[in-house]
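Q: Return atomic coordinates for the entry below.
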Amino acid sequence: MRRHTSAGGGRLKARMRTRQGIRCGLWCASLFCLGMIGCASGAIVKDTDTPLSAGRDLERSPRGVYINISTMLNARTRNAWLTRLDALDPDQIVVYGMHRQLRNSGPAASVLRALRLALPNARLAVSGETAAFFASVAADRNLDGLFDVFNYEFEFWNPGNYGYRSRHEALERAADDLAAMRALADRRGVQVEMYLGWFDETEAARLFPYLDRILLHAYVPSVDGIAGYLADRLAVLRRVDASLGRVMEWRLLLSAETRYLGGSLRQHGLDWVEKNAAGPCRDQPGWSGIQWFTAELLAEHLEP
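A: Residues are numbered from 1 along each chain as shown. Below is the predicted model of the structure:
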């Protein structure tokens, strides 16, 4: 759970208010200048190559990001990355690559602490593939109080990648891991979420009781393919929700890699992509926003 002293919390809030005030002033000044340019030229510039939707979505979807902890281990470049992350304004940050840091967790703890201070409103998740990894994280005193979520990344639907002979064997391994993680998370007061690709109703019913949230991937090269890519799995999700008597929180997991939405991001920009990606999701029960892989790639598409 998050642990802030009241004095530290006051300083952080004051700093955030100051920073927001500065950004607001710069934004207003930019709008004024653009307005003057538009009046002088007598023209309004429009993006005519955006066939789905146009314009900035002022009510944008909640945005989360993944980031490799190695990106921020260098103290000299850490502040620059904190600035980029602040510009992305994530409500959740999933930190991966932590398994390489547990022998000497001091540097990793420094990164998580810096994220905590710079982005106090964002959930921090640590990502791993085994229950043993999360047990090690939970037992590490250096990391105590620095994360809110266990993010489980085990692709049981690709059993051969892990040496399993069948999908069922891999599923049972996932269920065992999640059962252990759920017990540990309840003791620590944190949440459990899982990245999911492909699953059927039986598999979902086996795993969902241990989870607070799923990250449902839509690794597609164009936003207009998202609705079809999600349709069958959302139908399964609704049936499992009904059978379990709950609504599972889920996030749309997108990738900024070149083979996926990297091209759309370069052509149309982050706001446009997110607005159109969110379209098929907004009316779906349990949907809570977009999660991006990765912050490093997404930062390239921030508006100047």
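Q: Give me the below-cutoff pLDDT ranges for the protein.
A: 1-58, 304 (pLDDT under 70).
Q: what domains does the record give for it?
A: 1-46, 60-301 (automatic domain parsing).
Q: Start and end of the last one, how far apart?
A: End-to-end span of domain 60-301 (Cα to Cα, to the nearest Å): 16 Å.
Q: before we move on, the earlier item: turn the domains of the chain into TSV, including mean neighbour count.
A: Glycine gets a C-beta too; all of them are placed from N, C-alpha and C. Formatted as TSV, those follow (neighbours: other Cβ atoms under 10 Å):
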stretch	mean neighbour count
domain 1-46	10
domain 60-301	18
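Q: Next, please give the residue ranges for the helices of this protein.
A: Using DSSP state H, the helices of the chain run over 6-41, 75-88, 106-118, 131-139, 167-188, 201-207, 226-244, 263-268, 270-278, 295-298.
Q: Ok, which of the ones you listed comes nearest Ser61?
A: Ser61 sits nearest to helix 270-278 of all the helices of the chain, at 4.5 Å, using Cβ to Cβ.
Q: Work out the gap between that closest one and the centre of the chain.
A: The chain centre lies 15 Å from the centre of helix 270-278; the measure is Cα atoms, centre = their mean, to the nearest Å.
Q: Stretch 208-219 too?
A: Stretch 208-219 has its C-alpha centroid displaced from the chain centroid by 12 Å (Cα atoms, centre = their mean).
Q: Any chance you could list what contacts that stretch?
A: For stretch 208-219, the external contacting residues (Cβ atoms under 8 Å, 6 or more residues apart in numbering) are 149, 151, 175, 178-179, 181-182, 191-197, 226, 229-230, 233, 237, 240, 244, 248-255, 260, 277, 288, 291.
Q: 6 Å instead?
A: The contact list for stretch 208-219, computed with Cβ atoms under 6 Å, 6 or more residues apart in numbering, reads 178-179, 182, 191-197, 226, 229-230, 240, 248-253, 255, 260, 291.
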